[in-house]
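Asks: What would the 3D arrangement of this be:
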Amino acid sequence: MNNLIKNIEFSKILNLKDLISYQEGQVISRTLAQIPHANITLFSLDKGEGISTHVTAGDAMVQILDGAAEITIGDEVFNVKAGETIIMPSNVPHGLEAVERFKMLLTVIKG
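Replies: Residues are numbered from 1 along each chain as shown. Below you'll find the predicted structure:
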């Protein structure tokens, strides 16, 4: 049987923010699961880096693990920091920028 979750140790207590590092001037990602209706990915973004505005076919949940981000959903801007979560609904333009370097867990669920 193939595991659906990858790139992470099983049966071990882990701190997600320790599983991805910062790299100067870069956006780093680590895919933990990718199936047709769901994706789970860890990201780290250096200060000033971002993910440009785009639309997804699924609802996206961002959990900030470290640092802080400015997240735009439609015409609204949200400042989200470590320990906070925000949902970006499907088919609504969204993007984000690192106001300070940050790490996030992104979970996208498609219908």
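
Asks: Show the backbone phi and psi for Ile5.
Replies: phi -100, psi 140 (degrees, to the nearest 10).

Asks: Now it. Nearest residue, chain neighbours left out?
Replies: Ala33 (4.9 Å; C-beta to C-beta, 6 or more residues apart in numbering). Placement of C-beta: from N, CA and C, glycine included.

Asks: Low-confidence bits of the chain, can you list those?
Replies: Filtered on pLDDT under 70, the chain yields the residue ranges 1.

Asks: that older thread, what's downstream of the strand or helix carrying the residue nearest to Ile5, the next helix or strand?
Replies: Assigned by DSSP states H and E, Ala33 belongs to strand 27-35. Where DSSP H and E defines the elements, the next helix or strand beyond strand 27-35 is strand 38-45.

Asks: And that next one, what's buried?
Replies: Asn39, Ile40, Thr41, Leu42, Phe43, Ser44, Leu45 (16 or more other C-beta atoms under 10 Å).

Asks: Buried residues in the strand holding Ala33, which are they?
Replies: So for strand 27-35, counting by 16+ other C-beta under 10 Å, buried means Arg30, Leu32.

Asks: Report all helices and strands that it contacts.
Replies: Packing partners of strand 27-35 (3 or more C-beta pairs under 8 Å, 6 or more residues apart in numbering; DSSP states H and E): strand 38-45.

Asks: So what touches the helix or strand following the strand it packs on?
Replies: Note on strand 38-45: by DSSP H and E, the next helix or strand toward the C-terminus is strand 50-54. Contacts with strand 50-54, where a contact means C-beta atoms under 8 Å, 6 or more residues apart in numbering, come from Val27, Leu45, Thr72, Pro93, His94, Gly95, Leu96, Glu97, Ala98.
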